[in-house]
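**Student:** Predicted model, plus sequence, below.
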Amino acid sequence: MTEPVITLSHLQKSFGTHAVLRDIDLSLFAGEVVCVIGSSGSGKSTMLRCVNLLETPTGGEILFHGENITARGFDLSSYRARVGMVFQSFNLFENMTALENCVRGQRIVLGRAREEATKIALHYLEKVGMAPYRDARPRQLSGGQKQRVAIARALSMNPEVLLFDEPTSALDPEMVGEVLAVMKELAAEGLTMMVVTHEMAFARDVASRVVFMEGGVIVEEGTPEKIFTSPEKERTKEFLARYFSA
């Protein structure tokens, strides 16, 4: 079997005396879409933030192509260019246009010339249906439009992996579909993705693997068919029963 792109080994994260992640082992392989589901407070987003080192793990290792990303001397800026992240709150620069939001990181982190960076940014804005809004600032855009710009910005860095932290949770219901449609297209094109989500239909239809977390541990993981139709663990069954009856 090929080597994982990202490996979490005995990952732990505590805030003071509160253990949020207890002992996480998880691998992500090239071309996979791994969807992480679970109740609020289960540790899903903290795990994802550790993968991008927005939170520093308390214990364990995170390997990127076998290299420990928490080791002294690791090139974090290069890593973050290769492992992009899309946040639930968009995190766009409010004083910049959609286009400039997609150009800035390429210029600063990758050192691309403005002409090249602009061409790449326009390509990805077109891809997510936001090219007509290239000169709009975030305050002029809907939530769904902001999130599509955020996805275009991440894609403009040509990442090897894209992390999504509940990308639809801040959106009005009618805007959720437009963002999920973009994500489904990226998955179909083979982009390696790890997605923390409450969108069960998306996880069922798009994921290669589904991971169910509760209490800072992985309770169960498997194919969407296995998790959604014949989960083995009682806690997984209870979560899905509560979710689908809500």
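**Tutor:** Perfect, I can see it now. Residues are numbered from 1 along each chain as shown.
**Student:** Report the contact partners of F164.
**Tutor:** 85-86, 183, 193-197 (Cβ atoms under 8 Å, 6 or more residues apart in numbering). Quick note: C-beta positions are derived from backbone N, CA and C, even for glycine.
**Student:** quick one: strands adjacent to the helix or strand that contains it?
**Tutor:** When elements are assigned from DSSP states H and E, F164 belongs to strand 161-165. Paired with strand 161-165 in the same sheet, following DSSP bridges, are strand 83-86 (parallel), strand 192-196 (parallel).
**Student:** before we move on, back to that, so which of the contacts of F164 is the closest to G38?
**Tutor:** Checking the contacts of F164 against G38 by Cβ to Cβ gives V196 as the nearest, at 8.6 Å.
**Student:** Confirm for me that that closest one is in contact with S169.
**Tutor:** No. Taking contacts as Cβ atoms under 8 Å, V196 lies outside contact range of S169: 9.2 Å.
**Student:** can you give me the helices in this structure?
**Tutor:** Using DSSP state H, the helices of the chain run over 44-51, 76-82, 98-105, 114-127, 143-155, 173-188, 200-206, 224-229, 234-245.
**Student:** Can you add mean pLDDT, distance to T2 and mean neighbour count and give those helices back as a markdown table?
**Tutor:** As requested, those are exported to a markdown table (pLDDT from 0 to 100; distance: least, Cβ to Cβ, whole Å; neighbours: other Cβ atoms under 10 Å):
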| stretch | mean pLDDT | distance to T2 | mean neighbour count |
| --- | --- | --- | --- |
| helix 44-51 | 96 | 19 | 23 |
| helix 76-82 | 90 | 17 | 14 |
| helix 98-105 | 97 | 29 | 23 |
| helix 114-127 | 97 | 27 | 17 |
| helix 143-155 | 95 | 24 | 25 |
| helix 173-188 | 93 | 19 | 17 |
| helix 200-206 | 94 | 21 | 17 |
| helix 224-229 | 96 | 21 | 16 |
| helix 234-245 | 88 | 28 | 13 |
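**Student:** between these, which one is nearest to D135?
**Tutor:** Among those, helix 98-105 comes nearest to D135, with 6.7 Å by Cβ to Cβ.
**Student:** which residues sit in contact with the residue nearest to I120 when sequence neighbours are not counted?
**Tutor:** Nearest in space to I120, with sequence neighbours left out and distances taken as Cβ to Cβ, 6 or more residues apart in numbering, is S156 at 5.3 Å. By Cβ under 8 Å, 6+ apart, the contact list for S156 reads 102-103, 105-106, 117, 120-121, 124.
**Student:** want to throw these into JSON lines with distance to Y133?
**Tutor:** Formatted as JSON lines, the contacts of S156 follow (distance: Cβ to Cβ, whole Å):
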{"residue": "C102", "distance to Y133": "11"}
{"residue": "V103", "distance to Y133": "15"}
{"residue": "G105", "distance to Y133": "18"}
{"residue": "Q106", "distance to Y133": "19"}
{"residue": "A117", "distance to Y133": "18"}
{"residue": "I120", "distance to Y133": "17"}
{"residue": "A121", "distance to Y133": "12"}
{"residue": "Y124", "distance to Y133": "13"}
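**Student:** Go through these and name the one nearest L53.
**Tutor:** Among the contacts of S156, G105 lies closest to L53 (Cβ to Cβ), at 16.4 Å.
**Student:** Contacts only, for that closest one.
**Tutor:** By Cβ under 8 Å, 6+ apart, the neighbours of G105 are 81, 153, 156-157.
**Student:** can you tell me which two in these are farthest apart?
**Tutor:** A81 and R153 (12.0 Å).
**Student:** separation between T197 and S77?
**Tutor:** 27 Å (Cβ to Cβ, to the nearest Å).
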